[in-house]
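> Just to be clear, the model below is a prediction. Sequence and coordinates:
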Amino acid sequence: MEVIILPDSKAASRLAAGMIADLIRKKSNCVLGLATGSTPLGIYRELVSMHNMEGLDFSEVTSFNLDEYVGLSPEHHASYHRFMQENLFNHINMPKDHVHIPDGLATDIPSYCQSYEEAIYQAGGIDLQLLGIGTDGHLGFNEPTSSLTSRTRIKTLDRQTILDNQRFFQPGESVPSHVITMGIGTILDAKTCLLIAFGESKAEAVAGMVEGPVAAILPASALQLHQKAIIILDEAAASKLAKREYYQWVYDHKPDWQKVGQS
Ligand code: GLP
């Protein structure tokens, strides 16, 4: 794991967007795994700005999103389809048929989930998977005790996640209890995993993910098994890491040739 601690979320988002842009410039037909939630918003803003100002070209890029609520149509204001359209896809030149987001209205969910896995495989696998982390340590919507080898499937949300995500729904509207999510095994198959976390509310989950044991009770800890997992944090999210000074020292002494997206 590479842990990078930056002063604030703006600097962190800029670095993460730089890494994604570097990949797109090197491999124009790369496959991105994308995430929702408030954390990646700054990254999407940076990517849109690079598209507008520098001509960053998404025309050959393919994407697969991590998850979606079961029962929400793509037009629903809190659906992840809508989130992705409004925050990224409406503002860049990625062809519509290159975009994949789990279908919350799928009728035969098990066979739909299998076809989502097959589509990732047919696309050549995910080059870079962007990730946030839940306050309970979830990745995508893989809640505590999810199998660390799981594939795309239906999951039931933990009460904590329902409370955390209530803010995206209108007053009186309930958060769906079921979701479709890529599995931990699906995520670990990505060539690079890039996880971003901001704020004190994530500090405990981040400490468990980086320095705790690998355990299904904290699904993000599975990233310790990944060959190339990059964790970008602001100071607050890094505040409970025992070895934070070491991570800072490693980053400050990185050889130039290892620096990606840091120009
Ligand atoms: C949701 C998403 C996750 C995301 C998490 C954290 O549950 N399914 O992919 O990482 O929320 O969200 P936020 O970035 O808003 O804290």
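Cool, the structure landed.
> and the residue of the stretch 101-250 of the chain found nearest the ligand, how many neighbours?
For the stretch 101-250 of the chain and the ligand, the shortest gap (CB to the nearest ligand atom) falls at G132, measuring 2.6 Å. All C-beta atoms are positioned from the backbone trio N, CA, C, and that covers glycine. Burial of G132 is recorded as 20 neighbouring residues (other CB atoms under 10 Å).
> Need phi/psi at it.
Backbone torsions of G132, given as degrees, to the nearest 10, read phi -110, psi -170.
> just checking, it touches L34?
No - judged on CB atoms under 8 Å, G132 makes no contact with L34 at a distance of 10.7 Å.
> Surely D8 and D234 touch.
Yes - using CB under 8 Å, D8 is in contact with D234, at 5.3 Å.
> So for these two, which residue has more residues nearby?
D234 (22 against 12).
> circling back: identify the contacts common to G132 and L34.
Between them, G132 and L34 share these contacting residues under CB atoms under 8 Å, 6 or more residues apart in numbering: P40.
> could you point out which element follows the helix or strand hosting A207?
According to DSSP states H and E, A207 maps onto helix 203-211. Counting by DSSP H and E, the element after helix 203-211 in chain order, helix or strand, is strand 229-234.
> which residues in the stretch 51-200 of the chain form strands?
62-65, 67-69, 99-100, 128-131, 153-156, 178-181, 192-197 (DSSP state E, counting those that start in this stretch).
> Out of these, which gets nearest to D252?
Nearest to D252, of all the strands of the stretch 51-200 of the chain, is strand 192-197, at 19.9 Å by CB to CB.
> can you pull the buried residues of the closest one?
T192, C193, L194, L195, I196, A197 (16 or more other CB atoms under 10 Å).
> and the fifth one, what is it in contact with?
Shown here is I196, whose contacts under the criterion CB under 8 Å, 6+ apart are A12, S13, A16, T39, P40, I43, L130, L131, G132, I231, I232, L233.
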